[in-house]
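Colleague: A predicted structure for the sequence below; I have some questions about it.
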Amino acid sequence: MSFPSNRILSGIQPTGNLHLGNYLGAMKNWVAMQNDYECLFCIVDLHAITVWPDLGEIAQSSREVAAGMIASGIDPEQSALFIQSHVPAHAQLAWVFNCVARLGWLNRMTQFKDKAGKNKEKASSGLMVYPNLMAADILVYKASHVPTGEDQKQHLELARDIAQKFNVDTGKEVFPLPNPVIQGPGTRVMSLRDGQRKMSKSDTSDMTRINLTDTADEIADKIKRAKTDPEVLPDKATGLAERPEASNLINIYAALADRSVDDVVAEFAGQGFGAFKPKLAALAVSVLTPIASRMTELLADPAELDRLLARGADKANDIANPVLAEAYEAIGFSTTGIKR
Ligand code: AQP
C-alpha cells in the first residue's frame, strides 16, 4: 500500500487569542513547510467545545485564527485552510476511533489530566476522547507528517497506535503511521511568569503570554515584567539548565530571529536581563506587529475570509470522503449509499 509521503495536517483551536507559543511552536513552521509539502491546516472548532467555550464567539474566533494564520504567511491558495466542522468526515472517523482506542490508552494522556484537573468527574467525555478526534483529523487525510509543539507529542503517538490497531484489526492497510515534526527552539514556549508552565490561551493572566494582537507597548511591557533570575546570561547553552525563565526568553529570541540557541547565548554572554530584555522586546515587536496589522486588515472583510475557508473545506472534503469510505469498507459497513 502506498501512502502520501509529503502531506501535512496540523490544527489550531479557535479558543481565545493566538499567542507567541502558537506562532513559534506551530504557525511559523507551517509557513516554512508550505513549499515542500501538500498542506492542510485546520481550525479545530470541534476540539474547542471539549471545554465548553462562549458559544456566541466560536465563528468569529475561527475567523480570527484564519486571519492570524494568513497574516503569519499561510497561503490559502496554496494550502487548504478550513474549519474542522465543515468536513464531517473528521467527526465520523473519530467515532470509529472511539471504538478502536482503549480506555487505558486515554487514561495515560497528560493533557486530559492537566485540563480536567481535580474535577475529573465533571470534565466532558469529549475532553477524554479528544485524542481520538485528533487522530481522525490526521488520518482522514492519510497525512505523513504532523508539525506541532512538544505538548502534542503524546497525542501523536496515540494517533500512531490507533492507526496500527485499526490496520491490524481490519487486516487492511488503510492508515499510515504519521510522523511528528517537532523542531526548533520554539517547540515549547513557556509562560512569561513561570518557566515551568507552557504559554497558553487559557491562562487566566494575560501577562503570562504575548498575544499576536498585542500592541508594541504591550509586548515591550510584558517582556520587561517577565520573570527572570538575578544571574547574568551564561556563555554556553548548557548554563541555562535549571534556569527555566532565562532559558525560555533565550529560546524565544532564537526562534524569533531564526538563530540557534548557542549563537544567541554567545552574543549575550555575561550580560544581565536589563540589557537583554529591550533587545528581545525590539525583536518581538518587529516580527509580531506587522502580523497584527495584517490581521486587522483581513478581519475587516469577513465575507472574504468565509469564502477562503469554504474553498479550503471543498479541497479537504475531496480528500477526506474517500478515506472515510475506505475505512468503512475495511470495517465491513455497507458503503453503497456513501458519497465519495
Ligand atoms: N506554549 C506553546 N509552545 C509551543 N507550541 C505551542 N502550541 C500551543 N501552545 C504552545 C502549539 O500550537 C498549536 C495549536 O495549539 P491549540 O491552540 O490548538 O491548543 P493548545 O496546545 O491547547 O494551545 P493552548 O494555548 O494551550 O490552548 P488552551 O489554553 O486552550 O489549551 C499546536 O501545534 C500546539 O502544539
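Modeller: That came through, no problem.
Colleague: so where's this protein shaky on pLDDT?
Modeller: Applying pLDDT under 70 to the chain flags the ranges 1, 340.
Colleague: which residue ranges of it form strands?
Modeller: Per DSSP state E, the chain carries strands over the ranges 7-12, 38-43, 80-83, 145-147, 179-181.
Colleague: tally of neighbours for Pro147?
Modeller: Pro147 has 25 neighbours, counted by other Cβ atoms under 10 Å. In short, each C-beta sits where N, CA and C put it, glycine included.
Colleague: state the distance from it to Thr15.
Modeller: 20 Å (Cβ to Cβ, to the nearest Å).
Colleague: burial count for the closest residue to the ligand within the stretch 51-200 of the chain?
Modeller: Residue nearest to the ligand within the stretch 51-200 of the chain: Gly149 (2.5 Å; Cβ to the nearest ligand atom). For Gly149, the tally of surrounding residues (other Cβ under 10 Å) stands at 20.
Colleague: what residues are up against the nearest residue to it once chain neighbours are set aside?
Modeller: Distances taken as Cβ to Cβ, 6 or more residues apart in numbering put Gly25 closest to Gly149, at 3.2 Å, once the chain neighbours are dropped. Taking Cβ atoms under 8 Å, 6 or more residues apart in numbering, we find Gly25 in contact with 148-151, 186-189.
Colleague: most neighbours out of those, which is it?
Modeller: Neighbour max across the contacts of Gly25 (other Cβ under 10 Å) = Val189, 26 neighbours.
Colleague: I'd say it and Ser200 touch.
Modeller: No. With contacts counted by Cβ atoms under 8 Å, Val189 stays clear of Ser200, the gap being 9.6 Å.
Colleague: show me the contacts for the closest residue to Asp194 other than its chain neighbours.
Modeller: Excluding its sequence neighbours, the residue lying closest to Asp194 (Cβ to Cβ, 6+ apart) is Lys227, at 6.8 Å. Applying Cβ under 8 Å, 6+ apart to Lys227 gives the contacts 192-195, 245.
Colleague: quick one: the strands of the chain as CSV, columns for distance to the ligand too.
Modeller: Below are the strands of the chain laid out as CSV (distance: least, Cβ to the nearest ligand atom, whole Å):
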stretch, distance to the ligand
strand 7-12, 4
strand 38-43, 9
strand 80-83, 13
strand 145-147, 7
strand 179-181, 10
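Colleague: and the ones you listed as a markdown table, adding distance to Asn29?
Modeller: Listed next are those as a markdown table, based on distance: least, Cβ to Cβ, whole Å:
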| stretch | distance to Asn29 |
| --- | --- |
| strand 7-12 | 9 |
| strand 38-43 | 11 |
| strand 80-83 | 15 |
| strand 145-147 | 5 |
| strand 179-181 | 7 |
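Colleague: number of nearby residues for Ile58?
Modeller: By other Cβ under 10 Å, neighbour count at Ile58 equals 18.
Colleague: how about it: what's its closest non-neighbour residue?
Modeller: That would be Asp45: by Cβ to Cβ, 6+ apart, it lies 5.6 Å from Ile58.
Colleague: Asp235 touches Ala269, doesn't it?
Modeller: Yes. Between Asp235 and Ala269 there is a contact under Cβ under 8 Å: 3.8 Å.
Colleague: gap between the single nearest residue of the chain relative to the ligand and Leu55?
Modeller: Per Cβ to the nearest ligand atom, Gly25 is where the chain lies closest to the ligand, at 1.9 Å. To Leu55, Gly25 is 27 Å away according to Cβ to Cβ.
Colleague: what about the helix ranked longest in the chain, distance to the chain center?
Modeller: In the chain, taking DSSP state H as the definition, the longest helix is helix 302-331. Relative to its chain's centre, helix 302-331 lies at 20 Å (Cα atoms, centre = their mean, to the nearest Å).
Colleague: for it, packing partners?
Modeller: strand 38-43, helix 58-72, strand 80-83, helix 89-98, helix 153-170, helix 273-299 (3 or more Cβ pairs under 8 Å, 6 or more residues apart in numbering; DSSP states H and E).
Colleague: what angle sits between that helix and helix 153-170?
Modeller: 40 degrees (axes from the mean of the first three to the mean of the last three Cα atoms, to 10 degrees).
Colleague: in helix 302-331, what counts as buried?
Modeller: 305, 308-309, 312-313, 315-317, 319-321, 323-328, 330-331 (16 or more other Cβ atoms under 10 Å).
Colleague: tally up the residues packed near the closest residue to Leu298 other than its chain neighbours, please.
Modeller: The spatially closest residue to Leu298, leaving aside those adjacent along the chain, is Ala67, at 4.0 Å (Cβ to Cβ, 6+ apart). Ala67: 25 surrounding residues under other Cβ under 10 Å.
Colleague: just Lys122 next, same as before
Modeller: 8.
Colleague: with the one 3 residues further on instead?
Modeller: For Ser125, the count of nearby residues is 9 (other Cβ under 10 Å).
Colleague: what of Gly117?
Modeller: 9.
Colleague: got the phi and psi for it?
Modeller: Torsion angles at Gly117 (phi, psi; degrees, to the nearest 10) stand at phi 60, psi -140.
Colleague: how about the contacts made by the residue nearest to Ala310 when sequence neighbours are not counted?
Modeller: Residue nearest to Ala310 in three dimensions, not counting chain neighbours: His86, with 7.3 Å by Cβ to Cβ, 6+ apart. Going by Cβ under 8 Å, 6+ apart, His86 touches 309-310, 313, 316-317.
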